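1. Sequence below, structure please.
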Amino acid sequence: MRPKTAFSVFFMIIAFSLSGQDRVTGLPFATRSEVIARHGMACTSQPLATQVAIDILKKGGTAIDAAIAANATLGLMEPTGSGIGGDLFAIVWDAKTERLYGLNASGRSPRELSLAYFKEKGYTAIPPYGPLPVSVPGCVDGWFELHGKFGKLSMKEVLAPAIHYAEEGFPVSELIAYYIGRSLDLFQSRGFPNVMDTYSVEGRAPQKGDIFRNPSLASTYRALASSGRDAFYRGEIARKIAAFIQSQGGFLSYEDLSAHHSEWVQPVSTNYRGYDIWELPPNGQGIAALEMLNILEGYDISAMGFGSAEYIHHFTEAKKLAFEDRAKYYADPDFATVPVQRLISKAYAAERRKLIDSRHAGTYQAGAISAGETIYLTVADQFGNMISLIQSNYRGMGSGMVPPGLGFMLQDRGELFSLVEGQANTFEPGKRPFHTIIPAFVTKDGKPFISFGVMGGDFQPQGHVQVLANLIDFGMNLQEAGDAPRMGHSGSATPTGQPAEGRGEIYLESGIDYKEIRKLMSMGHKVVFDFGGYGGYQAILFDAEKGVYYGASESRKDGQAAGY
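-> Below is the predicted model:
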């Protein structure tokens with residue numbers, strides 16, 4: 001075969017450029033190839049956490065063991081989006097029973113705090129920081145529920161890598177150093193105690209490459225490894241948390257912590273063009289993705305083309321419709337009747353679809369029905385088990401409340417309650433707030449196919465739908481589906497009771513043709529460019545025919561997909 005000359009290579013480059021494809025594989029958006037392995041796969045937002053998960057898998061641990069180990073490591077390495085002061089949700093494919101399990105490990109509001117308190121103090125919304133938005137952290141109980149049902153190694157083995165890193169230290173990445181710096185500036189300005197003692201390096205925010213240690217968190221993890229979940233909810237840790245929050249003017253009590261329990265729930269699904277898409281029911285927002293998919297299924301998305309004004313318009317209108325229903329109906333099902341099956345039905349989607357004008361942007365109300373930062377990870381093991389897990393402190397690092405000597409910050413998830421009386425998500429004592437974090441799973445013909453998630457607050461259902469459209473409608477592979485330019489829409493009503501403002505905005509990453517943007521503007525959409533706020537994506541696909549796992553982790557985060 002004749003060797004390529006510089007001249008021929010030049011023309012190959014021109015040809016790919018003209019075709020819009022800058023990779024020899026013909027995948028214009030992929031930043032790298034998918035990772036492919038036979039025995040196990042782990043995809044997290046931090047390479048060192050991914051390696052921890054792989055090490056656990058190689059020791060014979062299950063995907064669930066590895067996911068817990070990775071989550072514990074991320075709580076140390078990415079305190080900007082995770083930690084045992086927050087909540088957790090998971091979907092698990094169990095190879096033995098060949099079925100999906102859902103876990104809602106979200107915590108409840110303080111039982112001694114009331115709506116009347118907020119009214120008396122003049123609050124129209126729950127503040128984002130300080131002791132008042134703190135709800136019971138559910139993460140640790142979630143770990144032990146998952147481990148008790150699906151774990152194989154001991155919790156001492158599972159938590160050992162995170163303990164080691166917390167004591168020895170690890171180099172902070174550029175992205176996490178940036179976010180920690182922003183948070184520490186905020187918390188210092190508010191005078192919150194213990195924050196700098198826990199998260200600084202030599203009295204300042206850690207910089208890229210600095211070795212960060214958290215011996216207090218190592219001590220907390222060691223207590224969990226030796227004494228189990230009760231060390232957190234009924235032991236000295238619980239007493240320290242309660243005493244600290246109450247000293248800061250909050251209401252979380254030892255009794256709130258000791259009464260906490262997670263809930264195993266049945267995932268819910270819709271079929272989208274032959275694929276069963278699974279989400280968890282409220283108090284999370286996963287069913288918004290299902291409603292959006294049902295609406296979009298009525299259109300030929302593939303023919304519209306990726307990045308076209310037609311596709312972006314219909315996606316945006318479907319999002320608006322689903323989010324109006326989200327604002328009205330989503331809440332803790334122990335306190336409100338959430339019409340889940342109606343909301344995710346094909347018949348309801350057909351009704352909502354009729355409201356869309358294919359040529360003009362619209363505004364909508366919820367249908368009439370009777371009756372921030374985050375981490376996401378996914379792991380698959382040699383036994384065929386897969387887990388889709390998401391965990392968060394909500395707004396950035398959380399509430400700013402760091403109990404002394406424990407090494408972690410408590411979440412501010414309570415901010416997402418509404419203070420408007422009579423709404424589904426209105427604050428009540430002992431109630432779980434509306435949640436943004438949602439894991440996802442896809443099955444095909446009753447078999448596991450894809451475990452995936454997209455972190456990013458309100459963006460998450462929009463991210464789920466875009467990834468699925470990229471895979472199913474536009475034929476992208478697992479890596480490209482996450483790397484492709486994203487879009488989002490802001491301005492819908494929220495479950496916090498705050499009103500929406502106008503039609504909102506479509507925000508876009510670079511990579512969308514400007515002629516399509518002009519078409520969107522002519523339809524009445526306001527379009528802005530935004531280079532952040534699109535979350536982060538990890539995914540694992542199981543190819544049953546070949547018996548291999550495919551892994552992907554996108555370029556917007558520090559993440560890594562790895563297998564063995």
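
2. can you give me the strands in the stretch 301-450 of the chain?
-> 373-380, 386-394, 440-444, 447-454 (DSSP state E, counting those that start in this stretch).

3. Remind me what the last one packs against, helices and strands.
-> The reference is to strand 447-454. strand 87-94, strand 373-380, strand 386-394, strand 440-444, helix 460-472, strand 537-543 (3 or more C-beta pairs under 8 Å, 6 or more residues apart in numbering; DSSP states H and E). In short, each C-beta sits where N, CA and C put it, glycine included.

4. Report the strands that pair with that strand, each with its relative direction.
-> Using DSSP bridges, the strands paired with strand 447-454 are strand 440-444 (antiparallel), strand 537-543 (antiparallel).

5. what comes up buried for it?
-> Pro448, Phe449, Ile450, Ser451, Phe452, Gly453, Val454 (16 or more other C-beta atoms under 10 Å).

6. can I assume Tyr117 sits in a helix?
-> Yes - with DSSP: H, G, I helix; E, B strand; the rest coil as the criterion, Tyr117 is located in a helix.

7. Can you get me a residue count around it?
-> 13 (other C-beta atoms under 10 Å).

8. Any stretches of the chain with poor pLDDT?
-> 1-24, 367-373, 499-503 (pLDDT under 70).

9. if we go to 90?
-> 1-27, 81, 363-374, 395-396, 456-458, 491-494, 496-504, 529-535, 555-557 (pLDDT under 90).

10. Now for it: which helix has the highest residue count?
-> With secondary structure taken from DSSP state H, the chain has its longest helix at helix 309-329.

11. name the helices or strands packed onto that helix?
-> Using 3+ C-beta pairs under 8 Å, 6+ apart: helix 309-329 touches helix 286-296, helix 301-304, helix 346-353, helix 460-472, strand 487-490, strand 505-508, helix 514-522.

12. and the angle for that helix with helix 346-353?
-> 110 degrees (axes from the mean of the first three to the mean of the last three C-alpha atoms, to 10 degrees).

13. re the thing from before, now the strands of the stretch 301-450 of the chain as a markdown table including distance to Phe427?
-> Converted to a markdown table, those look like this (distance: least, C-beta to C-beta, whole Å):
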| stretch | distance to Phe427 |
| --- | --- |
| strand 373-380 | 22 |
| strand 386-394 | 15 |
| strand 440-444 | 28 |
| strand 447-454 | 28 |
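
14. These: which one's closest to Gln248?
-> Within these, the stretch nearest Gln248 is strand 386-394; the backing value is 16.6 Å (C-beta to C-beta).

15. looking at the strands of the stretch 301-450 of the chain, which is closest to Lys320?
-> That would be strand 447-454 among these, by C-beta to C-beta, at 19.0 Å.

16. What lies in contact with that closest one?
-> 91, 93, 275, 376, 378, 380, 384, 386-390, 438-443, 460, 463-464, 466-467, 471, 478, 482, 535-542, 544 (C-beta atoms under 8 Å, 6 or more residues apart in numbering).

17. so how many other residues sit close to Met41?
-> 33.

18. close enough to count as contact, it and Ala552?
-> No - with contact defined as C-beta atoms under 8 Å, Met41 does not count as touching Ala552 (9.7 Å).

19. Overlap in contacts, these two.
-> Val35, Ile540, Ala561.

20. which of those has the most neighbours?
-> Busiest of the shared contacts of Met41 and Ala552 [other C-beta under 10 Å] is Ile540, holding 32 neighbours.

21. Leaving out the residues flanking it, which one is nearest to the spatially most central residue of the chain?
-> The chain has Met455 as the residue nearest its centroid, 3.3 Å off, counting by C-alpha atoms, centre = their mean. Using C-beta to C-beta, 6 or more residues apart in numbering and skipping residues adjacent in sequence, the residue nearest Met455 is Thr374, 3.9 Å away.

22. Compute the inter-axis angle for whichever strand or helix holds Asp276 and strand 440-444.
-> According to DSSP states H and E, Asp276 maps onto strand 275-279. Interaxial angle, strand 275-279 versus strand 440-444 (the same axes, to 10 degrees): 150 degrees.

23. Sheet partners, orientation included, of strand 275-279?
-> strand 268-272 (antiparallel), strand 440-444 (antiparallel).

24. on that earlier part again, closest one of the buried residues of strand 447-454 to Ile211?
-> Out of those, the member with the shortest distance to Ile211 (by C-beta to C-beta) is Gly453, at 29.9 Å.

25. Do I have it right that Ala242 meets Leu252?
-> Yes - counting by C-beta under 8 Å, Ala242 touches Leu252, with 6.0 Å between them.
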